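Student: this one's structure only:
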């Protein structure tokens, strides 16, 4: 079965949140079988920065809802947006 790569944009609740600590919490909480491939912190507006990340998983694992829910359950997260899903 094919693997898919998913690009996510994760918005924190506040500009004062430690992005690196938040990223570590995300890595700890994403579902098993989902691998973090690349991450970057990108400016959004007025000092707010988002975490853009690529994660990979088997296509047979289904959609992105479980990843989004796992990230949204973390304190300090305001929004998770799926920017792209494609086969590897």
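Tutor: Thanks, I have the structure now. What you see is a predicted model; the values in this text were computed from it and never measured.
Student: what helices and strands are in contact with the helix ranked longest in the chain?
Tutor: Taking DSSP state H as the criterion, the chain has its longest helix at helix 19-29. Under the contact definition 3 or more Cβ pairs under 8 Å, 6 or more residues apart in numbering; DSSP states H and E, helix 19-29 sits against strand 3-12, strand 35-45, strand 48-58, helix 65-72. For every residue, glycine as well, the C-beta is placed using N, CA and C.
Student: pull out the buried positions in the second one.
Tutor: Counting neighbours by 16 or more other Cβ atoms under 10 Å, one finds that the buried residues in strand 35-45 are residue 39.
Student: and what of the last one?
Tutor: Neighbour-count burial for helix 65-72 flags 67-68, 70-71 (criterion: 16+ other Cβ under 10 Å).
Student: could those residues be laid out in CSV, adding distance to residue 2?
Tutor: Shown next, in CSV, are these (distance: Cβ to Cβ, whole Å):
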residue, distance to residue 2
67, 17
68, 21
70, 22
71, 23
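Student: so can I have TSV of the residues you listed showing pLDDT?
Tutor: Below are the buried residues of helix 65-72 laid out as TSV (pLDDT from 0 to 100):
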residue	pLDDT
67	97
68	97
70	97
71	97
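Student: ok, which pair from these is furthest apart?
Tutor: Farthest pair in these (Cβ to Cβ) is 68 and 70. Separation: 7.4 Å.
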